[in-house]
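> Next comes the sequence, and after it the predicted model I'd like to discuss.
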2 protein chains.
Amino acid sequence: MRWMAVLVVVDGMGDRPLAELDGATPLERAETPNMDSMAEEGVTGIVDVVSPGVPPGSDTAHLALFGFDPYGDYTGRGAFEALGAGLDVGKGDVAFRGNFATVDDGVVVDRRAGRVFERAWELADELDGTSPPGFPDVEVSVKHSTQHRCAVVLRGPRLSRAVTDVDPHEEGREIREARAADGTDEAERTAAAVNSLVSTWREILVDSPVNDERADRGRPPVNTLLLRGAGVLPELPTVDERFGVGGKFVSPVALYGGLALAAGMDPVPLDEEVREMDDLSQVEAIGGAALGAVDAGFLFVHFKGADNASHDGLVGRKVEVIEAVDSVVGELREESRAHLAVTADHSSPCSVGGHSGDPVPIVIDGPGTRPDDVDRFGERACAGGGLHRLRGRDVLYELMDLEGRVSLHGG
Amino acid sequence: MRWMAVLVVVDGMGDRPLAELDGATPLERAETPNMDSMAEEGVTGIVDVVSPGVPPGSDTAHLALFGFDPYGDYTGRGAFEALGAGLDVGKGDVAFRGNFATVDDGVVVDRRAGRVFERAWELADELDGTSPPGFPDVEVSVKHSTQHRCAVVLRGPRLSRAVTDVDPHEEGREIREARAADGTDEAERTAAAVNSLVSTWREILVDSPVNDERADRGRPPVNTLLLRGAGVLPELPTVDERFGVGGKFVSPVALYGGLALAAGMDPVPLDEEVREMDDLSQVEAIGGAALGAVDAGFLFVHFKGADNASHDGLVGRKVEVIEAVDSVVGELREESRAHLAVTADHSSPCSVGGHSGDPVPIVIDGPGTRPDDVDRFGERACAGGGLHRLRGRDVLYELMDLEGRVSLHGG
């Protein structure tokens, strides 16, 4: 076994004290012998992934944790989604997230068209390759990702990511026209192309045999693909270019995979069904894949379940997911010789049901760390740790410096 | 005695826990009654001199500790070296570090030409004042600094610091041609001037009587001056302009002297032989000079020895140097009425043998500080201190503010 660096991100793990846990957070309540042992032997702290008090998006959080500037290096979410879904995203391409949805008389009545999908990939295939009428030089790719979700890429000259969403983000509202978000001709042209595309897609979807079958089953028709999150791919150096070592990632979620690909990491293969597993089984499957990749120089492992539980306010479930992650962390410590960091991409307090701007705990162990007095992994314990309060973009540098892989700044 | 501010920088003092010291760092192991007393009476913390996890260069570290931006204000190392070696560096001048070296058939076989030099200043004099053939408007100054080291300044119209090193940085490799590091005409012209100069120098060196004598003694010939670290002088305000008080510095090393000069401090005279002293004697000599300068408003004192010991992995020696510095700190406290800060420019773990990105400890004492519970000066003890985790560029402001010398920002 060689030495390696491992970054474990537990999505939405950070939380706030909960009355129903007698003032503990889910992480503080969880039995986490392995992460506690890391805290005892290593060094701890808290992290403002984006900026104090600012709730990170899932994309900006990971950009930061990969060592980039979550403001300056951020160029929209769509391109990461598309890359993660397996679409090719080139320089100048503009990518979007899409939802199959139900529109009635111009009003979005169901943003997820009932959430139940058997043949979504067929619908995506029907839309794939359509050029928007009036824009023969714009090529369009559409790919289904999970459930009602798609990724869309527009390729052609003079396109811009400065276009507003077609998705009104709330049911009962009118579907929107894409508009130029800045005064450039490119943005005007891209907005017009998107609007042309959305109209054409509607005609295709209405005639789709998939909708006939849905009608037979009493499901709402899929008659639009709501676009949002226009983005282009930022030009980021690879892990190898920055640290002189290859990077791999394990994530069943397209977005995180896309972010890791954009940051120059290679995917560890995962079975397709891992995407749709329940949260606890998924933790185990991800752990298995991670354990098979301890030959990488750098490994990023993303666990999604704790965030799902937070969004649904399921405190007990969040505790269980964290405990399952802790077991995987224990195995990773046993099976690798690693500088290992465990943290979260953001807090997702169960009382909030979404991302918050609270800092997240971090622990790093392995040779060369300067152990502090903290012997428990939790939001408040780690606030007393030797790392103090870091920014998200510092995390990878802290970890890689322990491996001797960060270049001197200056001479 | 007036009140004054003193910044003591112990080069490379920060370290990591070492098994051979039962898990202590050299600083933690050293007997440092004076710095411990400062910790007890003053306030402590840790400092990311450049940025968390990023190993500072010697130059960027001092820029930051002098209150500047180690990224935005950094314009290459050469100009600081040249200034510190006693060369005049004006606006538009491009300066380099140079090594007398031995090249055989285009390959650098010894980057230090055997390290043994009696008449290096004569060689430098022979090269001084040569104009590069083809560039009659470029004036060249060469000055010997220590051992095999020189500083070189190019003066003339349309020069740029965007040129790559002639020095291959490793023995057994071919000497390089300087190349333009950006697409400008100025960079192309400077690279061509450098290459012309290096060829001419080679002819001069080959014919030098110094080499005849070296041959007689069986020493490798000095047949090139390898250039690296092109830099121009940044325009920095003086200590007086920023804080309304004169600044002085004590350092036997050209680089740190050059940085202090660039930041508008005046040198405290040091005997020439202090440069070549062994590390412990040098600490004492520097201490003596510093004690003679306690009439300055601001005094910067640099001790080099701990870093030398770290690079050579000499743990016991590092402990001794730190203990010697501690004695000087004790005398400085006795002989001055000072707000005194002691810190390092970077960590140099003995286990790494070079700079690392670990934070360094800091202690500041004197009236007005807010004492914390820390009563021991060390990497981990200071991590629990009242200053928390600072950036390098904050240090001088913290210190000067205790003297009431930092201007209000805003109104």
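Looks like it came in fine.
> Not counting sequence-adjacent ones, nearest residue to whichever residue of the stretch 151-300 of chain A sits closest to chain B?
When scored by Cβ to the nearest Cβ, the stretch 151-300 of chain A has residue A:243 as its residue closest to chain B, at 10.9 Å. From N, CA and C alone the C-beta is placed, and that goes for glycine too. Sequence neighbours aside, residue A:405 is the residue nearest to residue A:243 in space, at 4.2 Å (criterion: Cβ to Cβ, 6 or more residues apart in numbering or on different chains).
> Now tell me what touches whichever strand or helix holds residue A:34 from outside.
Per DSSP states H and E: residue A:34 is located in helix A:33-41. Helix A:33-41 is contacted from outside by A:326-327, A:329-330, A:333, A:340, A:342, A:363-365, A:369, A:371, A:374-377, A:381-382, A:385, using Cβ atoms under 8 Å, 6 or more residues apart in numbering or on different chains.
> same deal with stretch A:203-221?
Taking Cβ under 8 Å, 6+ apart as the rule, stretch A:203-221 contacts A:102, A:109-110, A:113-114, A:116, A:119, A:122-123, A:126-127, A:130, A:222-225.
> how about those residues, which pair is most distant?
Pairwise distances across those peak at 25.0 Å for A:116 and A:130 (criterion: Cβ to Cβ).
> how deep is residue A:177 tucked in, by neighbour count?
For residue A:177, the tally of surrounding residues (other Cβ atoms under 10 Å in any protein chain shown) stands at 12.
> residue contacts, it?
Residue A:177 is in contact with A:166, A:191, A:195, counting by Cβ under 8 Å, 6+ apart.
> Who wins on neighbours among those?
Neighbour tally across the contacts of residue A:177 (other Cβ under 10 Å): the maximum, 26 neighbours, falls on residue A:166.
> can you map out the helices along chain A?
Under the criterion DSSP state H, chain A carries helices at the ranges A:26-29, A:33-41, A:58-65, A:78-84, A:120-127, A:185-206, A:209-216, A:239-243, A:254-262, A:279-291, A:305-311, A:315-335, A:379-382, A:395-402.
> Just confirm residue A:74 contacts residue A:60, I think it does.
Yes: with contacts counted by Cβ atoms under 8 Å, residue A:74 reaches residue A:60, the gap being 5.5 Å.
> And those two? Which one has more around it.
Under the neighbour definition other Cβ under 10 Å, residue A:74 and residue A:60 were set side by side, and residue A:60 has more, 25 against 18.
> That one touches residue A:75, doesn't it?
No: contact between residue A:60 and residue A:75 fails when scored by Cβ under 8 Å: they sit 10.8 Å apart.
> May I see the ChimeraX selection of the buried members of the contacts of helix A:33-41?
Remark: buried members of the contacts of helix A:33-41, expressed as a ChimeraX selection using 16 or more other Cβ atoms under 10 Å in any protein chain shown:
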select /A:326,329,330,333,340,342,363,364,365,369,371,374,376,377,381,382,385
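> so which of the contacts of helix A:33-41 are also by chain B?
Applying Cβ under 8 Å from any Cβ of the partner chain to the contacts of helix A:33-41, one finds that A:369, A:371 fall near chain B.
> Could I get the contacting residues of the closest residue to chain B within chain A?
The nearest approach of chain A to chain B comes at residue A:410, 2.5 Å away (Cβ to the nearest Cβ). Applying Cβ under 8 Å, 6+ apart to residue A:410 gives the contacts B:50, B:56, B:57, B:58, B:59, B:60, B:61, B:63, B:70, B:74, B:77.
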